[in-house]
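Student: turn this into a model:
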Amino acid sequence: MSDPHPARVSPEKEDKRTFLQKIAEFIHPGPDSKAELIETLAEAEDNDIIGADSRVMLEGVLRMAELTAGDVMVAAPRMDLINIDSPYDEILHTVIDTAHSRFPVVEGDRENIIGILLAKDLLKLQRAPELNIRALLRPAVFVPETKGLNDLLREFRGNRNHLAIVIDEFGRVAGLITIEDVLEQIVGEIEDEFDIDEDEGDIFGLADRTYRVSGDTSIERVGEAFGVTLEPKDADQDFDTIGGLIAHEMGHVPKRGEHYTLSGLNFVVLHTKGGAVRWFKVSPVGLDDATG
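Tutor: The predicted structure is shown next:
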């Protein structure tokens, strides 16, 4: 006896491929792994189906799925923090020197993060000095080291936070991560206000009578600008750029915030990328004390 109510195939599950499409996919099956998919993208670029930039971004999306917050975070020792009890002038000096837009704020020790300060919010104190910096703080967002970048990016977009504090399995601060850190895994290094083209300037005067100097500025150019002779202590060594010379003299790759004195000049590392110094803040020795 026939079933009066025969089962129907759900439209969502119905295979709508034509016979020719099935034959084509049988002869040329699609990629079975992520590695094969990346190889297919490379072939698509070779065949001018997609551009090089598109391929790089698509590969970045695929690889990002395997990364966690702990893989790309700024480690805790390298975090630029603001102490809530610091004088306003000291806080402003930190904001200007590091040139970040957001800062974790601590009270007491480095582990006690009580909020996030947006640099632009400091402008409110200029108009209303009676305000307390504590009132300007935004809530800090905490994520585990194991948080996947895909999920983290979704949260960044959803809650409009651009910075999160990364904690380890014991609840200690492991570092911080920004939305820029995540996006750079897809689109590559994001140029910011410190990045310049090769044909643009390399030494800029600042309001406090110090100077911002590009790390790839020639040693000769810096020497002429400040009226000094810059030479390595080891006469057998030869360097072209001020960044290379300072790194050699320090004996390691400089980190943001480090400083070194050479030939009467104080070099403070403002910004690094790719293991090289992008910008120094330079002033004659003693000028910082004189300007307060």
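
Student: look up the pLDDT of residue 110 for me, please.
Tutor: Per-residue confidence (pLDDT) for residue 110: 89.

Student: show me what contacts residue 285?
Tutor: 261, 264, 265, 266 (CB atoms under 8 Å, 6 or more residues apart in numbering). All C-beta spots, glycine's among them, are computed from the backbone N, C-alpha and C.

Student: dump stretch 118-133 to PDB, restricted to CA.
Tutor: Extracted in PDB, the C-alpha atoms of stretch 118-133 (Å, rounded to 0.1, in the frame of the first residue of the first chain):
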ATOM      1  CA  LEU A 118      40.800  57.800  25.400                       C
ATOM      2  CA  ALA A 119      43.400  60.400  24.500                       C
ATOM      3  CA  LYS A 120      40.700  62.700  23.100                       C
ATOM      4  CA  ASP A 121      38.900  62.700  26.400                       C
ATOM      5  CA  LEU A 122      41.800  64.600  28.000                       C
ATOM      6  CA  LEU A 123      40.600  67.600  26.000                       C
ATOM      7  CA  LYS A 124      37.600  67.700  28.300                       C
ATOM      8  CA  LEU A 125      39.800  68.600  31.200                       C
ATOM      9  CA  GLN A 126      41.000  71.700  29.300                       C
ATOM     10  CA  ARG A 127      37.400  73.000  29.200                       C
ATOM     11  CA  ALA A 128      36.400  71.700  32.600                       C
ATOM     12  CA  PRO A 129      39.400  71.400  35.000                       C
ATOM     13  CA  GLU A 130      37.200  70.400  37.800                       C
ATOM     14  CA  LEU A 131      36.600  67.000  36.200                       C
ATOM     15  CA  ASN A 132      38.400  64.000  37.600                       C
ATOM     16  CA  ILE A 133      40.300  61.800  35.200                       C
END
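
Student: buried sites along that stretch?
Tutor: 118, 119, 121, 122, 125, 133 (16 or more other CB atoms under 10 Å).

Student: need the residues that contact that stretch.
Tutor: So stretch 118-133 is contacted by 84, 88, 91-92, 95, 100-103, 105, 117, 136, 138 (CB under 8 Å, 6+ apart).

Student: helices - which of these land there?
Tutor: Among the contacts of stretch 118-133, DSSP state H puts 88, 91, 92, 95, 136 in helices.

Student: which residue comes closest to the last one once chain neighbours are left out?
Tutor: Counting by CB to CB, 6 or more residues apart in numbering, the nearest residue to residue 136 once its immediate chain neighbours are dropped is residue 121, at 4.4 Å.

Student: list phi and psi for the one you found.
Tutor: Torsion angles at residue 121 (phi, psi; degrees, to the nearest 10) stand at phi -70, psi -20.

Student: could you export whatever helix or strand residue 177 lives in as CSV, CA atoms only?
Tutor: Taking DSSP states H and E as the criterion, residue 177 maps to strand 173-178. Only the C-alpha atoms of strand 173-178 are listed here, as CSV (Å, rounded to 0.1, in the frame of the first residue of the first chain):
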residue,chain,number,x,y,z
VAL,A,173,47.3,40.4,32.6
ALA,A,174,49.2,38.9,29.6
GLY,A,175,49.0,41.9,27.3
LEU,A,176,46.6,43.9,25.2
ILE,A,177,45.2,43.7,21.7
THR,A,178,43.6,46.3,19.4
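
Student: what strands flank that strand, and is each parallel or antiparallel?
Tutor: Sheet neighbours of strand 173-178, with direction, are listed as strand 74-75 (antiparallel), strand 163-167 (antiparallel) (DSSP bridges).

Student: list phi and psi for residue 281.
Tutor: The phi/psi pair for residue 281 (degrees, to the nearest 10) is phi -100, psi 120.

Student: so it sits right up against residue 212, yeah?
Tutor: Yes. Under the criterion of CB atoms under 8 Å, residue 281 makes contact with residue 212 at 6.0 Å.

Student: looking at the contacts of residue 285, which are in strands?
Tutor: 261, 265, 266 (DSSP state E).

Student: can you pick the most crowded of the contacts of residue 285?
Tutor: Among the contacts of residue 285, residue 265 has the most neighbours (other CB atoms under 10 Å), with 22 neighbours.

Student: in stretch 107-118, which residues are buried?
Tutor: Buried-residue list, stretch 107-118, by 16+ other CB under 10 Å: 113, 115, 116, 117, 118.

Student: for residue 263, see how far away residue 48 is.
Tutor: In this view, residue 48 and residue 263 are 54 Å apart by CB to CB, to the nearest Å.

Student: so which of those two has more stuff around it?
Tutor: Legend: neighbour count by other CB under 10 Å for residue 48 and residue 263, higher for residue 263 (14 against 7).
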